[in-house]
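Chemist: got a structure for you, letters missing:
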Ligand SMILES: C[C@H](N)C(=O)N[C@@H](CCCCN)C(=O)O
């Protein structure tokens, strides 16, 4: 009789790709919620109602009412006695507007009205950075990695999905509640509570992120690892793209910024359930791996010891990847939080389309990240891919900073280039970590990288929000905001790009000396 050879569940193609799809779906829901507020920056930073017209322009309700009344008075028309309540879908209004430097009478039809929250750019920056506050200041990501290596994938994943969901609910509650003028720590209560929710969500999202990374390495090591990591990132980007592309329309349709967050919370609930399904597969994989070890007479896998962290801390290659991650992601994720408003004010894109241009970035990466991942699996050249991506990031931000080519199509082209950069670096960087750090310490290694990266994700939006308020906001003599000059904020993003280039070059040199294998293919022939 033929002897049955024991196999691990992960040796089955179907099983490992199914596991990948399930956990990637959970992550995708998390990414949707991470960026769901980005296209709402203009709405959040406008006080009172915002009126959207059928020609895709928008204006604050107060400013519209005074323009309509001024027009009626100037033309001896009977006063329309317009109030905010009367501004509703379908209403037609006439007033004077400056078009190409000339005052013209315009007639517009309202398509929707949504409530602005009146936040300052500083408050928006504080809220956007909140994603990383608990991770960074309470060292939760660091502990998250240790919990992952000590308590295992199932416990950590369920815990972190729970945090994501709880944080999303708090954020939704804050945005759907009117706190009046209640202030806390010099900021509106709504901002503080929404930031708290986002911080709890961010802790959950990041710990889920390292858990999912470890899951993928567990199922794909020695197989299609970079492709699998690339596909996970690609699915995550679908979440980001839907958030950037659809969030404003949902807020406009429902009349309130809280609804996109509510949809995100519902999606997360489904993502949580899908992670529970994965846990069943994970248990089976562990049982089959144990059976293989027993059959081969191998001893129990050695557990994680705190002393193992020394190996991580002493690796130069590890630190270079970590710093590259900090600089590269500081130039991308925080940029996305401000990109929609950049499109409105620098490239004159109507607000209803403005979110579509940043949404091109994740859309491009959906295809390209797995393509570059697969290239790395088969051909190698990981360090080189990271250098090219970092150079592209720098060029993109320099182009955004320069006061030239302020055309929407130019913004589209530059955003596509950023999409390529944002595919190159992640598809090469994440699969490079297991080449430097062994599996046993991988949870902690990813956690430390994410921890340092989160310092950027937490601080950069705060910095940029403050810079926009104090150095980029243009005002008329009465103090009213007339526009924004994005040169300084975008120069800051370009500096992160330059740092990423220098670090990726150093990584390439270190790889040549220490032979991590970053330039070699991942797949064993
Ligand atoms: C924000 C998060 N910490 C992050 O870095 N996400 C990466 C993907 C990480 C995948 C690691 N296996 C991203 O590019 O979105």
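Modeler: Looks like it came in fine. None of the values given here were measured: they were computed from a predicted structure.
Chemist: Now the element after the helix or strand hosting residue 95, going C-ward?
Modeler: Element membership for residue 95, per DSSP states H and E: strand 92-99. Heading C-terminal from strand 92-99, the first helix or strand you meet, by DSSP H and E, is strand 102-115.
Chemist: Who are the packing partners of the helix or strand that comes right after that next one?
Modeler: Toward the C-terminus, strand 102-115 is succeeded by helix 121-129 as the next helix or strand (DSSP H and E). Counting contacts by 3 or more Cβ pairs under 8 Å, 6 or more residues apart in numbering; DSSP states H and E, helix 121-129 is packed against strand 187-188, helix 189-220, helix 333-346, helix 442-467. C-beta here means a position set from N, CA and C on the backbone, and glycine is covered the same way.
Chemist: Strands along the protein, start to end?
Modeler: 49-53, 58-60, 92-99, 102-115, 183-184, 187-188, 473-475, 481-484 (DSSP state E).
Chemist: in its sheet, what does the third one sit against?
Modeler: The strands that strand 92-99 pairs with in its sheet are strand 102-115 (antiparallel) (by DSSP bridges).
Chemist: residues of the strand it pairs with that come out buried?
Modeler: 106, 108, 110-115 (16 or more other Cβ atoms under 10 Å).
Chemist: now swap in stretch 134-150 and tell me
Modeler: Buried residues in stretch 134-150 (16+ other Cβ under 10 Å): 134-136, 140-142, 144-149.
Chemist: repeat for stretch 497-508
Modeler: Quick answer for stretch 497-508 (16+ other Cβ under 10 Å): 497-501, 503-508.
Chemist: next one: stretch 28-48
Modeler: 28-46.
Chemist: ok so, going back, in CSV: the buried residues of stretch 134-150, plus distance to residue 281 and pLDDT.
Modeler: Shown next, in CSV, are those (distance: Cβ to Cβ, whole Å; pLDDT from 0 to 100):
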residue, distance to residue 281, pLDDT
134, 30, 96
135, 28, 94
136, 32, 93
140, 27, 90
141, 26, 87
142, 28, 83
144, 22, 90
145, 23, 86
146, 24, 86
147, 21, 91
148, 17, 90
149, 20, 84
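Chemist: Specify which member of those is nearest to residue 460.
Modeler: Nearest to residue 460 among the buried residues of stretch 134-150: residue 136, at 11.9 Å, using Cβ to Cβ.
Chemist: My read is that residue 518 contacts residue 504, right?
Modeler: No - using Cβ atoms under 8 Å, residue 518 is not in contact with residue 504, being 10.4 Å away.
Chemist: what's the overlap in contacts for those two?
Modeler: Both residue 518 and residue 504 are contacted by residue 383, under the criterion Cβ atoms under 8 Å, 6 or more residues apart in numbering.
Chemist: Excluding covalently adjacent residues, which one is nearest to the closest residue to the ligand within the stretch 201-350 of the chain?
Modeler: Closest residue of the stretch 201-350 of the chain to the ligand, Cβ to the nearest ligand atom: residue 213 (3.5 Å). Leaving aside its sequence neighbours, residue 213 sits nearest to residue 446 (Cβ to Cβ, 6 or more residues apart in numbering; 4.9 Å).
Chemist: Does that neighbour touch residue 433 like I think?
Modeler: Yes - in terms of Cβ under 8 Å, residue 446 counts as a neighbour of residue 433; the distance is 6.6 Å.
Chemist: So between the two, which is more surrounded?
Modeler: Applying other Cβ atoms under 10 Å to residue 446 and residue 433 shows that residue 446 carries more neighbours, namely 26 against 21.
Chemist: residues contacting that one?
Modeler: Residue 446 neighbours (Cβ under 8 Å, 6+ apart): 145, 209-210, 213-214, 433.
Chemist: Which positions in the chain make contact with the ligand?
Modeler: The chain has residues 206, 209, 213, 229, 233, 236, 329, 426, 430, 450, 453 near the ligand, with proximity defined as Cβ under 6 Å from any ligand atom.
Chemist: redo that, cut-off 5 Å
Modeler: 209, 213, 426, 430, 450 (Cβ under 5 Å from any ligand atom).
Chemist: circling back: so which of the buried residues of stretch 134-150 belong to helices?
Modeler: 134-136, 140-142, 144-149 (DSSP state H).
Chemist: Redo these as TSV? Include distance to residue 62.
Modeler: TSV is the format used below for these (distance: Cβ to Cβ, whole Å):
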residue	distance to residue 62
134	37
135	39
136	39
140	42
141	43
142	47
144	46
145	49
146	52
147	50
148	51
149	55
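Chemist: Number of residues surrounding the residue nearest to residue 396 when sequence neighbours are not counted?
Modeler: Closest residue to residue 396 apart from its sequence neighbours, by Cβ to Cβ, 6+ apart: residue 418 at 4.5 Å. As a burial measure, residue 418 scores 28 neighbours (other Cβ under 10 Å).
Chemist: do you know how far residue 418 is from the ligand?
Modeler: 13 Å (Cβ to the nearest ligand atom, to the nearest Å).
Chemist: measure that residue to residue 139 for me?
Modeler: As judged by Cβ to Cβ, to the nearest Å, residue 418 and residue 139 stand 32 Å apart.
Chemist: and if you look at residue 30?
Modeler: Taken as Cβ to Cβ, the span from residue 30 to residue 139 is 21 Å.
Chemist: If you count neighbours, what's buried in the helix of greatest length in the chain?
Modeler: In the chain, with assignment by DSSP H, the single longest helix is helix 258-295. Neighbour counts over helix 258-295 (16+ other Cβ under 10 Å) mark 258-265, 267-268, 271-272, 274-275, 278, 281-282, 285-286, 288-289 as buried.
Chemist: what pLDDT, on average, does that helix get?
Modeler: Helix 258-295 shows a mean pLDDT of 94.
Chemist: Show me what that helix is packed up against.
Modeler: helix 13-35, helix 153-176, helix 189-220, helix 225-254.
Chemist: domain assignment for the protein?
Modeler: 10-47+117-514, 49-115 (automatic domain parsing).
Chemist: Give me whichever of these is most buried.
Modeler: Mean neighbours per residue, mean count of other Cβ atoms under 10 Å, is largest over these for domain 10-47+117-514, with a mean of 21.
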